[in-house]
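J.: Sequence first, then the predicted structure:
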Amino acid sequence: MCARRVESFLLRIVVPGDEALTPERWRGRIQHIASGSEQQIDELAQAVAFISTHLGPPSEFVLELDHRPPVQSP
């Protein structure tokens, strides 16, 4: 049986109240709880990359990100 491991991350996103919620306007920090390491982010892909570095070799997990462009208003 494969040993199971749980990793915890804290993701803080700051979204200005006077602007539309779009991924281009996000900013925040992500922290790996066990190590205390953290990184400032300004796009979701950076959070995914940070998490990937703490999970080990890709053969141990599957992580997918479905990136969709923002919806344009007419």
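T.: Looks like it came in fine. Numbering: from 1, shown residues only.
J.: quick one: buried residues of the lowest-mean-pLDDT helix or strand in the chain?
T.: Lowest by mean pLDDT, DSSP states H and E among the helices and strands of the chain is helix 44-55, with a mean of 90. By neighbour count with 16 or more other C-beta atoms under 10 Å, helix 44-55 contains the buried residues 47, 50-51. In short, each C-beta sits where N, CA and C put it, glycine included.
J.: Show me what it is packed against.
T.: Contacts defined by 3 or more C-beta pairs under 8 Å, 6 or more residues apart in numbering; DSSP states H and E place helix 44-55 against strand 9-14, strand 27-32, strand 38-41.
J.: Could I get the average pLDDT for the shortest one?
T.: For strand 38-41, the mean pLDDT works out to 96.
J.: Pull up the pairing partners for it, direction included.
T.: Applying DSSP bridges, strand 38-41 is found paired with strand 27-32 (antiparallel).
J.: relative to helix 44-55, how tilted is the partner strand?
T.: Orientation note: strand 27-32 sits at an angle of 10 degrees relative to helix 44-55 (axes from the mean of the first three to the mean of the last three C-alpha atoms, to 10 degrees).
J.: sorry, back to before: which one of the buried residues of helix 44-55 is nearest to Val6?
T.: Val6 has its nearest neighbour among the buried residues of helix 44-55 in Ile51, at 13.0 Å by C-beta to C-beta.
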